[in-house]
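A.B. asks: Take this sequence and fold it.
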Amino acid sequence: MELQKKESAKKELEELKLKYNFVEPNRGNLDDEQIEWRDGKPDYTLANLEYFKGKKMNHKADSLEKLVEDLVKTWEMEGSHKVNVSQWTTIDHENYKVCSNGGRVFVGEESIKIGNYNWLFDGCPKDLYDTEKETFESSHDLFRGSFTNGFPWELIKVFSGPPKVTFMWRHWGNFTGKYREHVGNCEFIELYGFAVVTVNDNLKIQFIEIFYDPNTYLEVLQRKKSADELINGKPIVGGTCPFINSKNF
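C.D. replies: Numbers count the residues shown, from 1 in each chain. So this is what the prediction gives:
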């Protein structure tokens with residue numbers, strides 16, 4: 001059944017590429033036999049299909065937006081699936097650090113060891129997310145289990161180019177799984193934010209600064225708030241921004 005699902009997804013992917021001139025994300029060489037994978041080589045067929053079906057933007061192949069979007073997607077792939085940090089191609093290994101909402105700065109190996117979720121939710125109230133109780137593995141299981149069809153990410157717009165790349169981004173997906181004891185009802189959940197990514201002359205990431213509203217997102221997953229509270233970036237702009245609300249954006 002799983003193989004059948006992937007074959008069907010591949011067919012639909014090709015149809016969408018032809019119809020809308022879509023280009024699949026470039027996450028680098030996943031066929032390198034030297035790569036040490038956490039749980040085997042990842043297959044992005046289903047993820048790319050969900051990305052195609054839900055994205056708002058269609059960046060040109062030679063645009064800065066497409067370049068940055070692919071860089072971030074490759075970085076996310078490496079953080080989730082590559083065990084050997086020395087095999088990461090997206091970062092400046094000697095100067096890599098990350099930070100969420102102006103809080104604690106996590107440097108190099110520490111940020112990689114705890115995983116992206118734990119530094120992204122650092123600073124949240126412990127009743128919403130306790131980083132001291134979550135590991136790399138448990139945090140990934142928690143959110144993958146919430147969005148069983150994936151939680152695609154896209155870059156919306158780049159506001160400044162290298163070396164300090166500033167951009168707006170969007171996540172989305174249907175809450176089809178379970179977040180702790182809270183079972184989803186297929187609600188559409190959308191999350192917007194901003195990022196400032198400092199890169200070196202070779203476009204290797206040195207510093208990632210993410211700005212978004214994690215509390216409202218977690219409250220929605222815990223049934224404390226409606227998913228409508230997140231639509232169109234409402235926690236950031238109050239739902240009145242004509243740029244975000246535009247169907248053409």
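A.B. asks: Low-confidence stretches in this protein?
C.D. replies: Counting by pLDDT under 70, the ranges of the chain that qualify are 1, 239-249.
A.B. asks: what about 90?
C.D. replies: Counting by pLDDT under 90, the chain shows low-confidence ranges at 1-5, 234-249.
A.B. asks: residue nearest the centroid of it?
C.D. replies: Compute the mean C-alpha point of the chain, and by Cα atoms, centre = their mean the closest residue is residue 153, 4.6 Å away.
A.B. asks: partner residues bridging that one?
C.D. replies: Residue 153 has these beta-bridge partners by DSSP bridges: residue 171.
A.B. asks: What residues does it make contact with?
C.D. replies: Residue 153 makes contact with 51, 72, 73, 76, 169, 170, 171, according to Cβ atoms under 8 Å, 6 or more residues apart in numbering. To be clear about C-beta, it is placed using only N, CA and C from the backbone, and glycine gets the same treatment.
A.B. asks: Pull out the buried residues from these.
C.D. replies: Those of the contacts of residue 153 that meet the buried threshold are 51, 72, 73, 169, 170, 171, by 16 or more other Cβ atoms under 10 Å.
A.B. asks: now these as TSV including distance to residue 162?
C.D. replies: As requested, those are arranged in TSV below (distance: Cβ to Cβ, whole Å):
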residue	distance to residue 162
51	24
72	14
73	17
169	17
170	22
171	24
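A.B. asks: thinking again about what came up before, what about the residue nearest to the centre of the chain, distance to residue 87?
C.D. replies: Computed with Cβ to Cβ, to the nearest Å, the distance linking residue 153 and residue 87 is 22 Å.
A.B. asks: likewise residue 214?
C.D. replies: On the measure of Cβ to Cβ, residue 214 and residue 87 end up 29 Å apart.
A.B. asks: So for the two, which sits in the more crowded spot?
C.D. replies: The neighbour count for residue 214 versus residue 87, taken as other Cβ atoms under 10 Å, is higher for residue 214 (22 against 13).
A.B. asks: Would you map the helices across this structure?
C.D. replies: With DSSP state H as the definition, the chain shows helices at residue ranges 2-20, 45-54, 64-81, 108-114, 116-120, 136-146, 214-221, 234-237, 242-245.
A.B. asks: what's the closest of those helices to residue 36?
C.D. replies: helix 64-81 (9.6 Å; Cβ to Cβ).
A.B. asks: Would you mark the buried spots in the closest one?
C.D. replies: By neighbour count with 16+ other Cβ under 10 Å, helix 64-81 contains the buried residues 64-75, 77-81.
A.B. asks: One more: stretch 192-202?
C.D. replies: Counting neighbours by 16+ other Cβ under 10 Å, the buried set in stretch 192-202 is 192, 193, 195, 196, 197, 198, 199.
A.B. asks: So the fifth one is in contact with residue 205, correct?
C.D. replies: Just to be clear, that refers to residue 197. Yes - taking contact to mean Cβ atoms under 8 Å, the distance of 6.0 Å between residue 197 and residue 205 places them in contact.
A.B. asks: Pull up the distance across stretch 104-118, start to finish.
C.D. replies: Its first and final residues considered, stretch 104-118 spans 11 Å by Cα to Cα, to the nearest Å.
A.B. asks: Now for the nearest residue to residue 21 once chain neighbours are set aside: which residues touch it?
C.D. replies: Counting by Cβ to Cβ, 6 or more residues apart in numbering, residue 21 lies nearest to residue 58, which is 7.3 Å off, once chain neighbours are set aside. Applying Cβ under 8 Å, 6+ apart to residue 58 gives the contacts 20, 21, 22.
A.B. asks: Nothing else from me, thank you.
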